[in-house]
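Q: quick one, what's the 3D model for this:
(4 chains)
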Number of protein chains: 2
Amino acid sequence: MSPQQRSATVAERLREKSGELTAAERKLMATLFANYPMAGLVSITEFARVAEVSTPSVLRLAKKLGFAGFPSFQEELRTELSAQLQNPISKHDRWAADAPDAHILNRFASAALENLSGSLKLLDHRAFDATVGLLADRKRRIHVAGGRITQAIASYLVTHLQMARPGVSLLPATHSFWPQYLLDIGKQDVLLMFDIRRYDARMLEFAASAEVRGARIVLITDQWISPIARLAVHTLPLRIEAPSSWDSNIVPLFVAEALVAATVNANWRETEARINELESLSETGRRNK
Amino acid sequence: MSPQQRSATVAERLREKSGELTAAERKLMATLFANYPMAGLVSITEFARVAEVSTPSVLRLAKKLGFAGFPSFQEELRTELSAQLQNPISKHDRWAADAPDAHILNRFASAALENLSGSLKLLDHRAFDATVGLLADRKRRIHVAGGRITQAIASYLVTHLQMARPGVSLLPATHSFWPQYLLDIGKQDVLLMFDIRRYDARMLEFAASAEVRGARIVLITDQWISPIARLAVHTLPLRIEAPSSWDSNIVPLFVAEALVAATVNANWRETEARINELESLSETGRRNK
DNA sequence: TACAATCTGAAATTATCGCTTCACACACCG
DNA sequence: CGGTGTGTGAAGCGATAATTTCAGATTGTA
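A: Numbering: from 1, shown residues only, chains lettered A, B, ... in the order given. Predicted coordinates for the structure are as follows:
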């Protein structure tokens, strides 16, 4: 297909102008993309109501995109949809529109999908639930550890868990601090470790020391399973393959987020109070929103 | 509710009644089926004109099919189309074995999929490619910045980009270091920023300062689009909703990984050498441990 | 802090749509 | 040939949608 400048889709025009959109216009863009293009195929009044802006704002957006008015804008949406309905929709609609199937975004998306569904089949949801039970237990302190690559995921988990409950800390990246950190690990504490391929020998050593001190170890690892599993009370094996030089940590992040959400749910009363308190503390220095 | 409670599609109702349709109504039916259902999603006037009948005939047909009026008829067409356009993805085949559908893991998986496919529709793959072009350009230094939550994702990206190329650094989390960090940002440098909702005012300030110094800003944000978009040469909007108290950063991580993989591909020769060198250095380090 | 520029939505205005009415057309009968 | 029933669209009447106007709100700037 030849690159026709004039027949740019509404979606393309929107993306092109996305930098110069006002707040109300961005709301409209978000609303439209949330259900593209059906959301724009209602009356201007309805569209404005759904996006929670005024009708003039809709009109201004349509004009900014180069249309004579709202009807022209809608006509273009209808034409696009018509054209799209002619050819078999199937997967093109699903992934990045226009981009070739071989585009890295689509290849990565396929891999992520495979990893996610593969991991969910691989892991035992009872182990997950039991882990949540440990994380939600406020009598236990929580220590999170990650390797060179997974450190970022561990840090992300800690940031969120700290919002949900007290007594959460992250093992520093610097190995030389580990011995002194070990002193703070006591009986009944939980040590949640991320250890994926290229298993770090020092992580294993650390796990062994923590286990001796009575810590409960939970391991998040890959499908080949880190040797730390021998020491762990629960092991969550995941799939991490990616069309890249390195593994994908999307699923580990997924599990981290799910653990946080489940932990919050398990102990909503106390957590809610904590979150609200955090909110009010944050808003002290902030204005609106 | 309304008498037309049965869930028959407009097409089905039409075929059912096809025996008792008048001449004008058959013309309308033919017109609608010629481009179903788009032909019916225009104004009653236009629909009548295309079918070469009068507007009252359209109305009579709508009522004959059991609708209160033309708007109800059209609403039904829209609903059908919406349902048809829904991603076939939503019908995911049993995720975690045994676990109930309502289990947090499955709910999170659904949300992740929605976010992923939604983001890919929202994303402009040319903006992605252009960003890769910037990241792969070794004449430019790369600076990566993240907010309170996205800092971990930014850090993950930096860890990987540093393996792929020189001149990559992470903006420290501590705000007080930012002014001096700014000194290192020069013309042609790339500033890749993660800014998702609860947009950080200081991030915007920092972006503005960097832009003044001539940096090219690439923004990874959510579907509501951070105000930094005004300063950015490329903006990658993503969907981040999750069944949790906080947003999901799975898709931002996905994009980070895809950016790394694409950057590596874009410059394979040099990158390969660098990775090999890194490998040998790590081996040495391990033996000396 | 004041001023200018920009953004936003309430209200007023205009255009268009959806619907009703009704006269006419065309059958099929007695 | 009228009479009767059904189908059709022109014309017009609200009702709603689309657009314009304008004043207040917000934001950036000196």
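
Q: stretch A:50-62 near chain B at all?
A: No. Judged by Cβ under 8 Å from any Cβ of the partner chain, stretch A:50-62 stays clear of chain B, getting no closer than 11.3 Å. From N, CA and C alone the C-beta is placed, and that goes for glycine too.

Q: and DNA strand D, is that stretch touching that?
A: Yes. With Cβ under 7 Å from any atom of the strand as the measure, stretch A:50-62 is seen reaching DNA strand D through A:Thr55, A:Pro56, A:Leu59, A:Ala62.

Q: list the residues that contact the first one.
A: By Cβ atoms under 8 Å, 6 or more residues apart in numbering or on different chains, the contact set of A:Thr55 is A:Ile44, A:Thr45, A:Ala48.

Q: need the residues of the stretch 1-150 of chain A near DNA strand D, please.
A: Counting by Cβ under 7 Å from any atom of the strand, the stretch 1-150 of chain A sits next to DNA strand D at A:43-46, A:55-56, A:59, A:62, A:68-72, A:74.

Q: which of the residues you listed lies closest to DNA strand C?
A: A:Pro56 (3.8 Å; Cβ to the nearest atom of the strand).

Q: flag every buried residue along the one helix or strand the closest one maps to.
A: Secondary structure from DSSP states H and E places A:Pro56 in helix A:55-64. Neighbour-count burial for helix A:55-64, counted by 16 or more other Cβ atoms under 10 Å in any protein chain shown, picks out A:Ser57, A:Val58, A:Leu59, A:Arg60, A:Leu61, A:Ala62.

Q: nearest residue to the third one in space, please, no chain neighbours.
A: Nearest residue to A:Leu59, sequence neighbours excluded (Cβ to Cβ, 6 or more residues apart in numbering or on different chains): A:Phe70, at 5.8 Å.

Q: re earlier: ok, and does the helix holding A:Pro56 reach over to DNA strand C?
A: Yes. Judged by Cβ under 7 Å from any atom of the strand, helix A:55-64 comes into contact with DNA strand C through A:Thr55, A:Pro56, A:Ser57, A:Arg60.

Q: do the same with stretch A:24-34
A: Yes. Interface with DNA strand C: stretch A:24-34 contributes A:Ala24, A:Glu25 (Cβ under 7 Å from any atom of the strand).

Q: report the contact partners of whichever residue of the stretch 51-200 of chain A sits closest to DNA strand D.
A: At 1.9 Å from DNA strand D, A:Gly69 is the closest residue in the stretch 51-200 of chain A, using Cβ to the nearest atom of the strand. The contact partners of A:Gly69, by Cβ under 8 Å, 6+ apart, come to A:Leu59, A:Ala62, A:Lys63.

Q: also A:Ala111?
A: Here A:Ala111 is in contact with A:Glu241, A:Ala242, A:Pro243, A:Ser248 (Cβ under 8 Å, 6+ apart).

Q: residue ranges of the strands in chain A, please?
A: Ranges of strands in chain A, per DSSP state E, are A:142-145, A:168-170, A:190-195, A:216-222, A:234-238.

Q: relative to A:Leu32, which of those strands is closest?
A: Counting by Cβ to Cβ, A:Leu32 lies closest to strand A:234-238 out of the strands of chain A; the figure is 35.5 Å.

Q: strand partners (parallel or antiparallel) of the closest one?
A: Here strand A:234-238 is paired, per DSSP bridges, with strand A:216-222 (parallel).

Q: contacts for the partner strand, please.
A: Residues outside strand A:216-222 that contact it (Cβ under 8 Å, 6+ apart) are A:131, A:134, A:140, A:188-197, A:207, A:210-211, A:226, A:228-229, A:231-240, A:247, A:252, A:255-256.

Q: quick one: contacts for the residue positioned nearest the centre of chain A?
A: Geometric centre of chain A, nearest residue: A:Phe254, 6.4 Å, by Cα atoms, centre = their mean. A:Phe254 makes contact with A:Leu116, A:Ser119, B:Phe108, B:Ala109, B:Ala112, B:Ile250, according to Cβ under 8 Å, 6+ apart.

Q: how near is it to B:Pro227?
A: Separation of A:Phe254 from B:Pro227 (Cβ to Cβ, to the nearest Å): 29 Å.

Q: quick check: the residue nearest to A:Leu59 touching A:Glu46?
A: No. The criterion here is Cβ atoms under 8 Å, and A:Phe70 misses it with A:Glu46 at 11.4 Å.

Q: ok, the two, which is more surrounded?
A: Between A:Phe70 and A:Glu46, counted using other Cβ atoms under 10 Å in any protein chain shown, the more crowded position is A:Phe70 (20 against 13).

Q: that one and A:Gly186: what is the separation?
A: Distance of A:Phe70 to A:Gly186, given as Cβ to Cβ: 66 Å.

Q: and for A:Gly69?
A: According to Cβ to Cβ, A:Gly69 stands 70 Å off from A:Gly186.

Q: before we move on, what about A:Ala11?
A: From A:Ala11 to A:Gly186 the distance is 56 Å (Cβ to Cβ).

Q: then A:Leu170?
A: From A:Leu170 across to A:Gly186, the span is 17 Å (Cβ to Cβ).

Q: and what of A:Phe128?
A: Taking Cβ to Cβ, one finds A:Phe128 at 25 Å from A:Gly186.

Q: who in the stretch 1-150 of chain A is up against DNA strand C?
A: A:Thr22, A:Ala23, A:Ala24, A:Glu25, A:Glu52, A:Val53, A:Ser54, A:Thr55, A:Pro56, A:Ser57, A:Arg60.

Q: at 6 Å instead, please
A: Contact residues (Cβ under 6 Å from any atom of the strand) of the stretch 1-150 of chain A with DNA strand C: A:Thr22, A:Ala23, A:Ala24, A:Glu25, A:Val53, A:Ser54, A:Pro56, A:Ser57.

Q: wait, which of those is closest to A:Thr150?
A: Of all these, A:Ala23 has the smallest distance to A:Thr150: 37.6 Å, by Cβ to Cβ.

Q: neighbours around the closest residue to A:Ser226 other than its chain neighbours, how many?
A: Distances taken as Cβ to Cβ, 6+ apart put A:Asp195 closest to A:Ser226, at 4.0 Å, once the chain neighbours are dropped. Counted with other Cβ under 10 Å, the neighbours of A:Asp195 add up to 24.

Q: the one 10 residues further on now?
A: Residues contacting A:Glu205 under the criterion other Cβ under 10 Å number 12.

Q: just the pLDDT at it, thanks.
A: A:Glu205 is assigned 92 on the pLDDT scale.

Q: please apply the same query to A:Val58.
A: The per-residue pLDDT reported for A:Val58 equals 94.

Q: re the thing from before, which one's more surrounded, A:Phe128 and A:Gly186?
A: Neighbours were counted for A:Phe128 and for A:Gly186 using other Cβ under 10 Å; A:Phe128 has more, 23 against 12.

Q: okay, that one and B:Leu105: tell me how far apart.
A: Using Cβ to Cβ, A:Phe128 is found at 6 Å from B:Leu105.

Q: one more: A:Ala262?
A: Separation of A:Ala262 from B:Leu105 (Cβ to Cβ) stands at 8 Å.

Q: ok so, going back, between the contacts of A:Ala111, which is nearest chain B?
A: In terms of Cβ to the nearest Cβ, no member of the contacts of A:Ala111 lies closer to chain B than A:Ser248, at 5.7 Å.

Q: what sits against the closest one?
A: Each residue near A:Ser248 by Cβ under 8 Å, 6+ apart is listed here: A:Phe108, A:Ala111, A:Ala112, A:Asn115, A:Ile240, A:Glu241, A:Ala242, B:Glu257.
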